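Asker: The sequence and its predicted three-dimensional model are supplied below.
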Amino acid sequence: MQADDVPLLEVLKLDAFNRDGHFIRERSRFPFLSLAPRLHTLTLNNCVGSPQTLPCSRLVRLTIGGGQVVPVANAPKLIVACPLLEFCRLYVTESFLIFPVGPEVLPPDLAPTRCNSIHTLEIDTDGDGRCLNTLFERLTLPSLTKLTLDAQPEKRRGQLTMPPFHGMLLRSACPLKSLTLRNVPASDTNLLACLELVPALEELSVTEWSSMAPLSIMLRYPAALTNDLLRRLSTLQPPKYEEYLCPALRRVKFDISRFSADALLDFVYERMSSNRRLLEVVEVGFALSNPPPSEASLEMLNEQFEGLQLTTWIENERGD
């Protein structure tokens, strides 16, 4: 790329590796970004330090990943600095200050930051649920339609607790349609409390813990994928008892669950026996200790309810 090309840039991906594939450890600075008025999509991977100038006012899509880390205190500040931002993916952490967005960080008592434009937010974290709590205490996202949280299960030191996440959803009153939680330490009670606030939800994907994580780590935390979760999702809700929790739900993926075979069959039958019959795809991974429904039972439901794709599998539980 020549200097004359910079003003024409619209999409840019920067990765701090040289041509031999070796990581560049020097601090990365990208002052030329201020000379790219058309730049709307920026991806930064494995960059040590941060660019001195981000074209925040023009960015529509921003991805900061790989070895590039955003301290959770600065993530809301970065988001609010991009008023046109629609898609944002960040790797946030509580403990590292590798990506300073300004000379100061946000004080812990700062009012939540409001961003009206973001509809897709993907957060990777080092696995500490407390880090996610801090983030959601500081965000209000009224336009959010897709949310993905991805943690590292081997570092689960704290839970994603109900008040911060629940509070963000309550403040935002967002039309969330897709929610993905991978290895996020949350109980079924916390998850259900949040699902009550997202009636427009169409896609729900929850991975209880990574197949690479020791079983002992998973057992330290309350489970999210329990029979109680399925029962609530397949029970008509008060006060009129005319709708299910998340009535628009179409696609669900649960892995690795602690469901019983009967609880899953009841969930599918109850949701599909209603007048609306919205379920299209149900994918469930079972732990070895909880065998899935028989093939005959699955075939019967798939045949009974046209358009339903119900699949199950068994995941291996790994010991210490």
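Answerer: Received it, and whenever you're ready, just let me know what you need.
Asker: following the lowest-mean-pLDDT helix or strand in the chain, which helix or strand shows up next?
Answerer: In the chain, the helix or strand scored least confidently by mean pLDDT, DSSP states H and E is helix 215-218, which has a mean of 60. Using DSSP states H and E, the next helix or strand after helix 215-218 towards the C-terminus is helix 227-233.
Asker: which other residues reach that following helix?
Answerer: 188, 191-192, 195, 244-246, 249, 258-260, 263-264, 266-267, 271 (CB atoms under 8 Å, 6 or more residues apart in numbering). Yep, even glycine has a C-beta here, placed from its N, CA and C like the rest.
Asker: try it again with 10 Å
Answerer: 187-189, 191-192, 195-196, 204, 206, 223, 226, 244-246, 249, 252, 254, 257-260, 262-268, 270-271, 284, 290 (CB atoms under 10 Å, 6 or more residues apart in numbering).
Asker: again with stretch 285-295
Answerer: 207-209, 211, 215, 218, 225, 227, 253-265, 268, 284, 298-301, 310-317.
Asker: try 8 Å
Answerer: 254-262, 264-265, 284, 312-317.
Asker: And the strands in the stretch 201-320 of the chain?
Answerer: Using DSSP state E, counting those that start in this stretch, the strands of the stretch 201-320 of the chain run over 203-207, 236-237, 243-244, 251-257, 281-287, 309-315.
Asker: now the first one, how far from the chain's geometric center?
Answerer: By that I understand strand 203-207. With CA atoms, centre = their mean, to the nearest Å as the basis, strand 203-207 stands 9 Å off its chain's centre.
Asker: how distant is the host helix or strand of residue 171 from the center of its chain?
Answerer: Assigned by DSSP H and E, residue 171 belongs to helix 162-172. Offset of helix 162-172 from its chain centre (CA atoms, centre = their mean): 14 Å.
Asker: So which bits of that helix are buried?
Answerer: 162, 164-169, 172 (16 or more other CB atoms under 10 Å).
Asker: do stretch 308-317 as well
Answerer: Those would be 308, 310, 312, 315, for stretch 308-317 by 16+ other CB under 10 Å.
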